[in-house]
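Peer 1: my questions concern the predicted model and sequence given below.
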Amino acid sequence: IGRVKKGEAVRDFSATGAVVAPGFIDTHSHSDLMALVEPALLPKLMQGVTTELLGQDGIGAAPIRKEDVPSWRQYLSGLNGDPPASWDWESLGQYAELLSARPTGPNLALLVPQGNIRMVVLGQGNVPADIFQLQAMEEEVRRAMEEGAVGISLGMIYTPCTFARRDELIRLFHRCGLLGGFLAVHIRSGGDRLLESVEEVVTMAKEAEIPLHISHFKAAGKRNWHKMEAALEAVDRAHREGLDITFDIYPYTAGSTMFMAILPPWAMEGGAPKALERLRVPDLRAKIRDQFINPPPPDPDGPSWENYVNNVGWENIIISSVGNKKNQGWVGRSVAHIAEGEGKDPAETAFDILLEENGRVGMILFSMDEEKMAMGLRHPLGTICTDGLLGGRPHPRVYGTFPRVLGRYVRERKDMPLEEAIRKMTSLPARRLRLKDRGILAEGKAADIVVFNPAAIVDQATYEDPRQYPLGIRQVIVNGILTAEGGQHTGKLGGRVLKR
């Protein structure tokens, strides 16, 4: 910003006919492990993302005890992949140091996951915390925040997060809020209990006195599409009542997560190895299969279960990643289709896939309505996220989210003005993360910049062929370093870890 004297610039280039915008901020990312082995993170960088927020859904890379690494690594593999990372850290600070050891494509900010905190103190079982264990967990929050975390995350459908009692959560969230952090939460249900789940986290955030950010906002399952308006009104109401509340959303009608998330919480108690042992017991397989069809009533004091099978059906659950080469034929196919080809029951097929792959499986779920999703995209309190799982044949959101918003929903459908879309990608998420030097173009701010052609920007990634970079992005600059130009990586990296 400003006038540069002739000869002082390292390089001049023209932005005629283009938009010069702050770099895009991805408020929900799963690059936690890939950033250690492929630091360029090109799927994000090439779509204009200059900052990613890691440590999502209450289950991340750190903190962790060394004895928990094998089972935790196995559990997370369907979500964050299983690249050849060292896993030789314990604290969030040590993990951040490894991320900082060399430049990355985008900048990286960190949440501390509540599930990791619980696991460090209590393990992966469904056990209540006593007063001393609560204090130990509060100390873990304090330590992580002092080591640079910008907030705390919670995944209310993932173990061991789902085993935490309300009073335990309130104490941890309150401590995080006192230290300047915010709460990012995967709510208990985006489907049948969507409205109750939004109200639950709003109430908890108010009680804990912490800003609230709801992850990947959606109304999932056709029978729940009509709830989107009421869910957004609940957000508006909380905002009017004084809660600092935001959410993020991606511009697609399918979600994606680990395949093990289809299992009920009792089947996951003790971690992935225990869950796989249960899948080898015929009576327990039969019990899970029955609960897919006849789910038990919600227990307000017990762990929650988002019954994906009951909500969307086997025909809408697609295998997106496996580890074994011999099973690559499953990738891109629905569980129903795989089961039909093998002449088996879909539930039994799913169990066999998990056992064959040792739990290391990702999935894509088609569950949303485009018009309801676009309603969330337009909402003024919403930011944009990829929620991108990087392994296997990934969801196209990994490569196309931000250009898709600008191409399809701004230029083609005119769901919102360009300026509003940019605000949702830049200044609003920067405020949420309290990144005071990011999110706007102004003197003295960090030079995170995206230059794109508003008439040409478009995503190319599809569900069938997701690993395609978008069109229309001219330059991506991270901390003043030109890292992408004309759809090509320059070979230079400018990203770093952004600590609180």
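Peer 2: Great, that's in hand. Residues are numbered from 1 along each chain as shown.

Peer 1: what about this structure, any weak spots by pLDDT?
Peer 2: In the predicted model, the chain carries no residue with pLDDT under 70.

Peer 1: how about V201, phi and psi?
Peer 2: phi -70, psi -30 (degrees, to the nearest 10).

Peer 1: what of the one 10 residues further on?
Peer 2: Here is the backbone geometry of P211 (degrees, to the nearest 10): phi -60, psi 150.

Peer 1: residues contacting it?
Peer 2: G177, F182, L183, A205, L243, D244, I245, T246, R432 (CB atoms under 8 Å, 6 or more residues apart in numbering). C-beta coordinates here come from the backbone N, C-alpha and C atoms, glycine included.

Peer 1: partners of whichever helix or strand the third one is part of in the sheet?
Peer 2: Spelled out, that is L183. Assigned by DSSP states H and E, L183 belongs to strand 182-186. Take DSSP bridges as the rule and strand 182-186 pairs in its sheet with strand 151-155 (parallel), strand 212-214 (parallel).

Peer 1: take those strands and write them to CSV, including distance to T162.
Peer 2: CSV is the format used below for the strands paired with strand 182-186 (distance: least, CB to CB, whole Å):
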stretch, distance to T162
strand 151-155, 8
strand 212-214, 17
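
Peer 1: would a markdown table of those with mean neighbour count be doable?
Peer 2: As requested, the strands paired with strand 182-186 are arranged in a markdown table below (neighbours: other CB atoms under 10 Å):
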| stretch | mean neighbour count |
| --- | --- |
| strand 151-155 | 28 |
| strand 212-214 | 27 |
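
Peer 1: for these, which one sits closest to I288?
Peer 2: strand 151-155 (20.3 Å; CB to CB).

Peer 1: next secondary structure after that closest one?
Peer 2: By DSSP H and E, the next helix or strand past strand 151-155 is helix 166-178.

Peer 1: hang on, the earlier thing: which stretch among the strands paired with strand 182-186 comes nearest G341?
Peer 2: For G341, the closest of the strands paired with strand 182-186 is strand 151-155, at 32.8 Å, according to CB to CB.

Peer 1: do a quick rundown of the helices in the stretch 351-500 of the chain.
Peer 2: Along the stretch 351-500 of the chain, counting by DSSP state H, counting those that start in this stretch, helices occupy 370-378, 397-404, 418-425, 427-433.

Peer 1: I'd like those laid out as a markdown table, including distance to H226.
Peer 2: Formatted as a markdown table, the helices of the stretch 351-500 of the chain follow (distance: least, CB to CB, whole Å):
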| stretch | distance to H226 |
| --- | --- |
| helix 370-378 | 8 |
| helix 397-404 | 24 |
| helix 418-425 | 24 |
| helix 427-433 | 27 |
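
Peer 1: before we move on, back to that, what is the nearest of the contacts of P211 to L42?
Peer 2: For the contacts of P211, the nearest to L42 is R432 (25.2 Å; CB to CB).

Peer 1: still on that earlier bit, which residues touch the strand holding L183?
Peer 2: 27-28, 53, 56-58, 111, 150-158, 173, 176-177, 201, 204-205, 208, 210-216, 244, 432-433.

Peer 1: R423 is nearest to which of the strands paired with strand 182-186?
Peer 2: The nearest among the strands paired with strand 182-186, by CB to CB, is strand 212-214 at 16.0 Å.

Peer 1: follow the chain on from the closest one and name the next helix or strand.
Peer 2: Downstream of strand 212-214, the next assigned helix or strand under DSSP H and E is helix 228-240.

Peer 1: and the angle from that next one to helix 370-378?
Peer 2: Helix 228-240 and helix 370-378 are oriented at 10 degrees to each other (axes from the mean of the first three to the mean of the last three CA atoms, to 10 degrees).

Peer 1: which one of the strands paired with strand 182-186 lies nearest to W330?
Peer 2: strand 151-155 (25.3 Å).

Peer 1: let me know the angle separating the closest one from helix 166-178.
Peer 2: 150 degrees.

Peer 1: alpha carbons only: can I get strand 151-155 in PDB?
Peer 2: Taking C-alpha atoms only, strand 151-155 is exported to PDB below (Å, rounded to 0.1, in the frame of the first residue of the first chain):
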ATOM      1  CA  GLY A 151      -8.700 -21.100  21.000                       C
ATOM      2  CA  ILE A 152     -10.100 -24.500  21.900                       C
ATOM      3  CA  SER A 153     -12.100 -27.000  19.700                       C
ATOM      4  CA  LEU A 154     -14.700 -29.500  20.500                       C
ATOM      5  CA  GLY A 155     -16.200 -32.400  18.400                       C
END
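
Peer 1: how far does that strand sit from its chain's centre?
Peer 2: From the chain centre to the centre of strand 151-155 is a distance of 11 Å (CA atoms, centre = their mean, to the nearest Å).

Peer 1: next: stretch 62-80.
Peer 2: For stretch 62-80, the distance to the chain centre is 17 Å (CA atoms, centre = their mean).

Peer 1: how about that stretch: buried residues?
Peer 2: 62-64, 68, 71-80 (16 or more other CB atoms under 10 Å).

Peer 1: nearest to A220, out of the helices of the stretch 351-500 of the chain?
Peer 2: Judging the helices of the stretch 351-500 of the chain by CB to CB, what sits closest to A220 is helix 370-378, at 9.9 Å.

Peer 1: which residues touch the closest one?
Peer 2: For helix 370-378, the external contacting residues (CB under 8 Å, 6+ apart) are 217-219, 225, 228-229, 232, 247, 249, 251-253, 382, 384, 405, 409, 413, 415-416.

Peer 1: list buried members of those by neighbour count.
Peer 2: Buried among the contacts of helix 370-378 by 16+ other CB under 10 Å: 217-219, 225, 228, 232, 247, 249, 251-253, 382, 384, 405, 409, 415-416.

Peer 1: thanks a lot, catch you later.
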